[in-house]
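> Give me coordinates for this.
(one chain, ligands or ions: 1)
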Amino acid sequence: MASCWLVWLTMLGFVAQGLAIMCYECNSATNSYCAEKILPDNLKRNCSERDRGDIVHTLCRKITQHVDVEVEGQRPGARVVRTCGWDDSKYKSSCYHRSGFGSRHEVCACAADLCNSAPAAAAGATVALAAAAILKLG
Ligand SMILES: *[C@@H]1O[C@H](CO)[C@@H](O)[C@H](O)[C@H]1NC(C)=O
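Below is the predicted model of the structure:
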């Protein structure tokens with residue numbers, strides 16, 4: 001019985017954490033550290049500070065932009081943008097590609113604290129592992 005409570009409390013804690021997600025927030029166009037594998041602490045953002053009315057941030061996003069042709073002042077090259085994200089249930093823990101004139105975007109979303117640092121595949125695996133651990137506990 002006591003262990004039941006423990007599992008329940010652990011799950012509650014997990015859910016509560018999921019509501020106030022932490023993500024990296026930066027743009028390599030203005031901060032070259034943003035493109036690094038290991039990101040400095042000052043890029044961490046409590047995404048609940050970004051919540052507005054109906055918009056509750058529950059995801060982190062990493063956007064990799066490849067600009068091939070200079071358009072609207074965007075210089076050619078690769079750029080990394082990391083942000084807090086919301087909604088996007090169909091893209092959860094996955095990536096999608098978008099192409100426009102002279103540029104390509106890869107947008108990845110994930111749902112764990114600071115998961116937009118690592119490559120998205122690794123972040124997805126982390127979420128799966130956490131879920132597996134919880135199932136095993138139950
Ligand atoms: C983020 O901010 C919310 C609301 O201000 C707070 O409840 C939560 O504890 C914060 N989370 C972290 C990890 O600082």
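> Where does pLDDT dip in the chain?
Scanning the chain for pLDDT under 70 picks out 1-19, 71, 88-93, 118-138.
> my guess is Ile57 contacts Ala109, does it?
Careful, residue 57 is His and not Ile. No: assessed by C-beta atoms under 8 Å, His57 is found out of contact with Ala109, at 11.1 Å. Any C-beta I mention is one placed from the backbone N, CA and C, and that applies to glycine too.
> Overlap of the contact sets of those two?
Gly85 (C-beta atoms under 8 Å, 6 or more residues apart in numbering).
> ok, the two, which is more surrounded?
Ala109 (28 against 24; other C-beta atoms under 10 Å).
> Which of the three states applies to the more buried one?
strand (DSSP: H, G, I helix; E, B strand; the rest coil).
> and the chain, which of its residues are near the ligand?
For the chain, the contact set with the ligand under C-beta under 6 Å from any ligand atom comprises 20, 22, 46, 48.
> The residue of the chain found nearest the ligand: how many residues sit nearby?
Residue nearest to the ligand within the chain (C-beta to the nearest ligand atom): Asn46, separated by 3.6 Å. Per other C-beta under 10 Å, the neighbour tally for Asn46 reads 15.
> what does the one 4 residues further on give?
Applying other C-beta under 10 Å, we find 17 other residues in the vicinity of Arg50.
> And the helices in this protein, which stretches?
Using DSSP state H, the helices assigned to the chain run over residues 2-19, 120-137.
> Pipe the residues of the chain next to the ligand into TSV and attach distance to Ile63 per row.
Formatted as TSV, the residues of the chain next to the ligand follow (distance: C-beta to C-beta, whole Å):
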residue	distance to Ile63
Ala20	22
Met22	18
Asn46	20
Ser48	21
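> buried subset of those residues?
Taking 16 or more other C-beta atoms under 10 Å as the criterion, what is buried in the residues of the chain next to the ligand is Met22.
> from the residues of the chain next to the ligand, which single one is nearest Gln65?
For the residues of the chain next to the ligand, the minimum distance to Gln65 (C-beta to C-beta) is 23.3 Å, reached by Met22.
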